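In: Fold the following and give me the result.
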Amino acid sequence: VQLQASGGGLVQPGGSLRLSCVTSGFNFDYYAIGWFRQAPGKEREGVACISSSADDNTYYTESVKGRFTISRDDAKKTVYLQMNSLKPEDTAVYYCSTVERGLRRWGQGTLVTVSS
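Out: From the prediction side, this is the model:
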């Protein structure tokens, strides 16, 4: 099972980034995928989640509602996180994750820095 996050970088406040999570090694269509983030000195928190392709429901933490959009491309086995109107408090390492056969699986993380 592999999850490969990418797309992070340095962006000014108010800017946008799109993160990608390319997966392999499990039946992607059947699994919910989530994005988490960990800011310096803080605990990792859930940001957004999308259910399996059968349901395609989405969930967001309150602080990103209306600014972030999670989506999935089953053909590419990839989940995206479109982040708009970025704020300095969004600065963190972002991880994608799933629970596969009862185990939490993590990608390696991609750094997002929001700064002027």
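In: How many residues are close by residue 109?
Out: By the criterion of other C-beta atoms under 10 Å, residue 109 has 18 neighbours. The way it works is simple: take the backbone N, C-alpha and C, and place the C-beta from them, glycine included.
In: mind checking pLDDT for it?
Out: pLDDT for residue 109: 94.
In: Please look at it and residue 92 and confirm they touch.
Out: No. Using C-beta atoms under 8 Å, residue 109 makes no contact with residue 92, being 9.1 Å away.
In: partners of residue 97 in the sheet?
Out: Beta bridges link residue 97 to residue 34, residue 106, judged by DSSP bridges.
In: What of residue 114?
Out: With DSSP bridges as the rule, residue 114 is bridged to residue 11.
In: Could I get the contacting residues of it?
Out: 11, 12, 13, 15, 86, 87, 88, 89, 90, 91 (C-beta atoms under 8 Å, 6 or more residues apart in numbering).
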